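Colleague: Pasting the sequence and the predicted coordinates here, then a few questions.
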Amino acid sequence: MSAGLASSMAAALDPTVFARGLGFDPEPWQERLLRSTESRALVLCSRQVGKTTTTAYRALHTALYCPGRDVLVISPTQRQSDELLHRVASLYRGMREMPRLKRSNASEMGLANGSRIVSLPGSEGGIRGFAGVRLLIVDEASRVDDDVFASALPMVASDGQVIALSTPWGRRGWFFELHEETANGWERHKVTVFESRQWPERRIAEAKAALGSFVFASDYLCEFGDTDSQMFSTESVRAAFAPGVQPLEVI
Ligand SMILES: Nc1ncnc2c1ncn2[C@@H]1O[C@H](COP(=O)(O)OP(=O)(O)O)[C@@H](O)[C@H]1O
Ligand SMILES: [Mg+2]
């Protein structure tokens, strides 16, 4: 077998080889997620650790190597879903031999092999009309409404995968409930800020000082806040923290 053929077979079989070939150096958790073959994966993550980047590689790999199949991206807004598709499009442009595209716009990339990657809004009406989906990515999943997730799930084929990624957003909604349930068939990944190379200690300390411990625990340590005994909701606490305002010193 020629070296070229062997390396393209390796890339087809292993998304981490594919991603490395495009210049990505995945962290251990990113490797695990790229390689996961579980049909359902919940990824509880700190902010800015590389959720969107990792799933962009995964989306492109699936579209290239599963011909004629659909990859759907859902997030709370069309703009956020389009952002993931935009990342996919830039990865695609970085490929040495770019496969032909049938169509490409802000919310759809159609490959000549019949696969499509489609970005959708987080509204129930916006996601109708798909079936047999090979990969469903739900980005910022804790903010995607229950009815949207409930409508999207049956669109996934029996050999399809669902990857739901998010920082927590209080103790509510399907993402939280799936996370709390035991043995429900969802593979779990958790990546706090301390497990990410994207976050050197100095940056972590800055984030903690700017946000206060409640928001930091949720957005960076991946803890679901809001307990029954809590006086203020997650939203009220978040609203109380304006970026750039230094906390008062108690003397
Ligand atoms: N393995 C990696 N190597 C280098 N940069 C990375 C890696 N993973 C993520 N990044 C960078 O980290 C930043 C945040 O990534 P992003 O995917 O937007 O995070 P999230 O979706 O978790 O907020 C981006 O600039 C991205 O390029
Ligand atoms: Mg993101």
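Modeller: Received the coordinates, thanks. Ligands and ions are numbered 1, 2, ... in the order given.

Colleague: contacting residues around whatever residue of the stretch 151-251 of the chain ends up closest to ligand 2?
Modeller: For the stretch 151-251 of the chain, the residue closest to ligand 2 is Leu165, as judged by C-beta to the ion, at 7.7 Å. Every residue, glycine included, has its C-beta placed from N, CA and C. Contacts for Leu165 (C-beta atoms under 8 Å, 6 or more residues apart in numbering) come out as 43, 45, 51, 55, 137-141.

Colleague: Which of the residues you listed are buried, as a ChimeraX select command?
Modeller: Selecting only the buried entries of those in ChimeraX, with 16 or more other C-beta atoms under 10 Å as the criterion:
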select :43,45,51,55,137,138,139,140,141
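
Colleague: Inside strands: which ones of the contacts of Leu165?
Modeller: Among the contacts of Leu165, the members falling in strands (DSSP state E) are 43, 45, 137-138.

Colleague: Make TSV from these and add pLDDT and distance to Tyr65 to it.
Modeller: Converted to TSV, the ones in strands among the contacts of Leu165 look like this (pLDDT from 0 to 100; distance: C-beta to C-beta, whole Å):
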residue	pLDDT	distance to Tyr65
Val43	97	21
Cys45	97	25
Ile137	98	16
Val138	98	21
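
Colleague: got the residues of the stretch 1-150 of the chain near ligand 2?
Modeller: When proximity is defined by C-beta under 5 Å from the ion, the stretch 1-150 of the chain lies next to ligand 2 at 51-52.

Colleague: Please repeat the previous calculation with a cut-off of 6 Å.
Modeller: Counting by C-beta under 6 Å from the ion, the stretch 1-150 of the chain comes close to ligand 2 at 51-52, 139.
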